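Novice: Let's see this in three dimensions:
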Amino acid sequence: MKEQDGDIANQYLACESRVIFELLMMSSGMMGAYTMILRGGVFCNAQTANFVLMAIELGNGKWSEGFYYLIPITAYLMGAIMSELLPNPIKKIGLFRWDTYLIGFELIVLLIIGFIPLTVTDKVVQVAINFICSMQYNTFRQAQGIPMSTTFCTNHLRQIGISIAKYLRKGDKSLLKKGKTHTLMLSSFIMGAIILAAACNILKEKAIWIAMIPLFINLCILVYADLIQERHLLERTPLGH
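Specialist: Numbers count the residues shown, from 1 in each chain. You can find the predicted model right below:
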């Protein structure tokens, strides 16, 4: 059985491994806690709240406040567009995968954010995190064949419910394996948020640098894969793309 599991794992690229996604979820939990606690009390990892807040402000006749939300929404949209346009030109360079470059870019953005004082308007940081979360969400799509979201939890919770329901209906324990994977993702997100929430009281704006730790581990894994382990597979496209 272990040998069979190993054969299945070898079908996937390093950027599709579950550990990569667990670390991405942890970092995303940290970013969510950071913006919620220190940068305006908003959750920048997804855009549903921004659309709701925009509608509320417009409904109350607060036009300037309402139309402001078009800025983070546009930043998220641009992140999705850029993450679709850049992989092919990056592939032609032939050194690293787009996924690896993106993690490096995220590290740079978070490093810069840690230097931005809390006295600076929160909107700057919110837009930056909107942008990188969108790029990450659109780039890392499947963990060993299982569709994933790496910046928010709703779909993971839904998939856990589906797995439990299918198990209760069919009695097949193998159906719980997928649910277990999503549970691990949720746990990583929550753990990241807990750690960052505790750090915010001590490190203030620099607390975001803690979110760089799981990303840096991912960068090391992906760089090793691109340069050595999977050098001959640079042309292979991850599942879901």
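Novice: quick one: low-confidence parts of the protein?
Specialist: Per-residue confidence of the chain (counting by pLDDT under 70) places the weak regions at 1-10.
Novice: So the residue lying farthest from the centre of it versus Lys123, what's the distance?
Specialist: Note on the chain: the largest separation between a C-alpha and the mean C-alpha position, by Cα atoms, centre = their mean, falls on Gly61 (34.3 Å). Counting by Cβ to Cβ, to the nearest Å, the separation of Gly61 from Lys123 is 21 Å. Every C-beta, even on glycine, is put in place using the N, C-alpha and C of the backbone.
Novice: measure the residue farthest from the centre of the chain to Asn50 for me?
Specialist: The gap separating Gly61 from Asn50 is 19 Å, by Cβ to Cβ.
Novice: Check Ala211 too.
Specialist: According to Cβ to Cβ, Ala211 and Asn50 sit 21 Å apart.
Novice: okay, these two: which has more neighbours?
Specialist: Here Ala211 and Asn50 are set side by side on neighbour count (other Cβ atoms under 10 Å), and the busier one is Ala211, at 28 against 22.
Novice: from what I can see that one touches Tyr34, true?
Specialist: Yes. Using Cβ atoms under 8 Å, Ala211 is in contact with Tyr34, at 6.9 Å.
Novice: tell me, what's touching those two both at once?
Specialist: Taking Cβ atoms under 8 Å, 6 or more residues apart in numbering as the contact definition, Ala211 and Tyr34 share the neighbouring residues Leu196.
Novice: What is the subsequent helix or strand relative to the longest helix seen in the chain?
Specialist: Taking DSSP state H as the criterion, the chain has its longest helix at helix 175-203. Heading C-terminal from helix 175-203, the first helix or strand you meet, by DSSP states H and E, is helix 212-224.
Novice: between that next one and helix 175-203, how big is the angle?
Specialist: Here helix 212-224 points in a direction 130 degrees away from that of helix 175-203 (axes from the mean of the first three to the mean of the last three Cα atoms, to 10 degrees).
Novice: elements contacting helix 212-224?
Specialist: Applying 3 or more Cβ pairs under 8 Å, 6 or more residues apart in numbering; DSSP states H and E, one finds that helix 212-224 contacts helix 18-37, helix 98-113.
Novice: Would you mind writing the CA trace of the first one as PDB?
Specialist: Extracted in PDB, the C-alpha atoms of helix 18-37 (Å, rounded to 0.1, in the frame of the first residue of the first chain):
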ATOM      1  CA  ARG A  18      -0.100  18.700   0.000                       C
ATOM      2  CA  VAL A  19       2.700  20.100   2.200                       C
ATOM      3  CA  ILE A  20       3.000  23.100  -0.200                       C
ATOM      4  CA  PHE A  21      -0.700  23.800   0.100                       C
ATOM      5  CA  GLU A  22      -0.700  23.300   3.900                       C
ATOM      6  CA  LEU A  23       2.000  25.900   4.200                       C
ATOM      7  CA  LEU A  24       0.200  28.300   1.800                       C
ATOM      8  CA  MET A  25      -2.900  27.900   4.000                       C
ATOM      9  CA  MET A  26      -0.900  28.700   7.100                       C
ATOM     10  CA  SER A  27       0.500  31.800   5.500                       C
ATOM     11  CA  SER A  28      -2.900  32.900   4.300                       C
ATOM     12  CA  GLY A  29      -4.300  32.500   7.800                       C
ATOM     13  CA  MET A  30      -1.600  34.800   9.000                       C
ATOM     14  CA  MET A  31      -2.300  37.400   6.300                       C
ATOM     15  CA  GLY A  32      -6.000  37.300   7.100                       C
ATOM     16  CA  ALA A  33      -5.400  37.800  10.800                       C
ATOM     17  CA  TYR A  34      -2.900  40.600  10.100                       C
ATOM     18  CA  THR A  35      -5.300  42.700   8.100                       C
ATOM     19  CA  MET A  36      -8.200  42.000  10.400                       C
ATOM     20  CA  ILE A  37      -6.300  43.000  13.500                       C
END
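Novice: Brilliant, that's me finished.
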